[in-house]
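Participant: Coordinates for the following, if possible.
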Amino acid sequence: MTHTLTADPQAVREQSRPPRSRRTGPRGGRPLAMAGRGGKLVLMTMLAISFLTPLTWMVSASLKTEQDIAENPMGFIPQTWEWQNYAAAFESIRPFFINSAMLAAINVVGVLVIGSIAGYAFGRLTFRGRDLAFSLVLATAIIPGIVLIIPQYIIFQQIGWVDTFYPLWVPRVLTPVFGTFLLRQAFMTLPKELEEAAKLDGLNTFGIYARIMLPQVKPALAAVGVFTFVESWNDLFGPLIFINSTQRQTLPIALAQFQGEFFSTTNLLMAASAITVVPVIVIYLIAQKYFVQGIATSGLK
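Facilitator: I've put the predicted structure just below:
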């Protein structure tokens, strides 16, 4: 008597199925992904250390005595904490601090106003020659600023602007190429329905720009504001060329040229440098959320 053995189809399929590769399966990719994340973490840690070490040393030296710096220049912990160094340093740089703050405020407000109007016109309005005009605006960014220094100096000298604050903010405010580009990209990401609804409500072009569209691009405005503030605050070349009198100099010039006159010791110089860095850090921390969002969203179109 013979027996017929019937193979289980499910078992046959399991046996005939090729073995799963560990490298191509979902579990096989985990070591590679973890290694990639670990490498990124190591790289970011090294970059953070390279950036924070000089800043930490500067703050540490600003709180030391001059003797402590001479005896242990690479030490990060002061033997005695000399907080009065900051008061003495700020008293020395106060007029230059005020000059830099005033110029930075004028530049930020001017660039945001002119750049947002130009960006809205290039991004949302339709007129003949719009694309050509925008291309010409972008083309001006290719010209190195150093090439324009001599013509600018001659013009400013003829109109009596040398040794005044006008050369330090008028050209930057009237030609906000980066701000115009970034804000144009931000305006282009907004839906057309916003403008159509505003027109139905009776708003004119300026009303649509000021009341409807401008509040929608706050992240891009924050990004442009931060970039403009840092550029103006750190400007060394402009004051060096156009400003002659000491009372109109800015912080970078004060730190670079007047070390012997205003900062006779290293600890006072480091304290003044730390005070110079504080406004930039504060501005970035305040606008950090909008800053990152503005950079990310303004390049979508």
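
Participant: Quick one: distance of the lengthiest helix in the chain to the chain centre.
Facilitator: Taking DSSP state H as the criterion, the chain has its longest helix at helix 84-124. Put simply, helix 84-124 sits 14 Å off its chain's centre (CA atoms, centre = their mean, to the nearest Å).

Participant: tell me what it is packed against?
Facilitator: Packing contacts for helix 84-124, counted by 3 or more CB pairs under 8 Å, 6 or more residues apart in numbering; DSSP states H and E, involve helix 29-62, helix 130-139, helix 166-174, helix 177-188, helix 218-233, helix 251-257, helix 266-297. Every C-beta, even on glycine, is put in place using the N, C-alpha and C of the backbone.

Participant: now for these, which one comes closest to A87?
Facilitator: The closest of these to A87 is helix 266-297. By CB to CB, the value is 8.8 Å.

Participant: Now do that closest one: which elements does it pack against?
Facilitator: When contacts are defined as 3+ CB pairs under 8 Å, 6+ apart, helix 266-297 sits against helix 29-62, helix 66-71, helix 84-124, helix 177-188, helix 218-233, helix 251-257.

Participant: And it, what's buried?
Facilitator: 266-276, 279, 283, 287, 290-291, 294-295, 297 (16 or more other CB atoms under 10 Å).

Participant: Please apply the same query to stretch 124-132.
Facilitator: In stretch 124-132, counting by 16+ other CB under 10 Å, buried: R124.

Participant: for stretch 202-222, same thing?
Facilitator: Judged by neighbour count using 16+ other CB under 10 Å, the buried positions of stretch 202-222 are L203, I208, Y209, I212, M213, L214, V217, P219, A220, L221, A222.

Participant: Contacts made by it with the rest, please.
Facilitator: Applying CB atoms under 8 Å, 6 or more residues apart in numbering, the set of residues contacting stretch 202-222 from outside is 112, 116-117, 120, 124-125, 182-183, 185-187, 190, 194-195, 198-199, 287, 290-291, 293-294, 297-298.

Participant: Quick one: mean pLDDT for that stretch?
Facilitator: Across stretch 202-222, pLDDT averages out at 92.

Participant: first to last residue in that stretch, what's the distance?
Facilitator: Stretch 202-222 has an end-to-end distance of 29 Å (criterion: CA to CA, to the nearest Å).

Participant: gap between it and the chain center?
Facilitator: A distance of 23 Å separates the centroid of the chain from that of stretch 202-222, by CA atoms, centre = their mean.

Participant: repeat for stretch 64-72
Facilitator: Distance, centroid of stretch 64-72 to centroid of chain: 35 Å (CA atoms, centre = their mean).

Participant: With stretch 37-50 instead?
Facilitator: The chain centre lies 21 Å from the centre of stretch 37-50; the measure is CA atoms, centre = their mean.

Participant: Contacts for it, please.
Facilitator: Outside of stretch 37-50, no residue comes within contact range by CB under 8 Å, 6+ apart.

Participant: circling back to that earlier point, E82: which of the helices and strands packed on helix 84-124 is closest?
Facilitator: Closest to E82 of the helices and strands packed on helix 84-124, according to CB to CB: helix 266-297, at 6.6 Å.

Participant: relative to helix 177-188, how tilted is the closest one?
Facilitator: Angle, helix 266-297 to helix 177-188, by axes from the mean of the first three to the mean of the last three CA atoms, to 10 degrees: 30 degrees.

Participant: for the record, mean pLDDT for helix 266-297?
Facilitator: 83.

Participant: With stretch 130-144 instead?
Facilitator: For stretch 130-144, the mean per-residue pLDDT is 91.

Participant: Buried ones in it, by neighbour count?
Facilitator: F134, V137.

Participant: Output it as PDB, restricted to C-alpha atoms.
Facilitator: The C-alpha trace of stretch 130-144 is given here as PDB (Å, rounded to 0.1, in the frame of the first residue of the first chain):
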ATOM      1  CA  ARG A 130      10.500  93.400 -14.600                       C
ATOM      2  CA  ASP A 131      12.800  90.400 -15.200                       C
ATOM      3  CA  LEU A 132      15.400  92.500 -17.000                       C
ATOM      4  CA  ALA A 133      15.500  95.000 -14.200                       C
ATOM      5  CA  PHE A 134      15.800  92.200 -11.600                       C
ATOM      6  CA  SER A 135      18.600  90.600 -13.600                       C
ATOM      7  CA  LEU A 136      20.500  94.000 -13.600                       C
ATOM      8  CA  VAL A 137      20.000  94.300  -9.800                       C
ATOM      9  CA  LEU A 138      21.500  90.800  -9.300                       C
ATOM     10  CA  ALA A 139      24.300  91.600 -11.700                       C
ATOM     11  CA  THR A 140      25.500  94.400  -9.400                       C
ATOM     12  CA  ALA A 141      26.300  91.800  -6.800                       C
ATOM     13  CA  ILE A 142      29.000  90.400  -9.000                       C
ATOM     14  CA  ILE A 143      31.000  93.700  -8.900                       C
ATOM     15  CA  PRO A 144      33.500  93.500  -6.000                       C
END
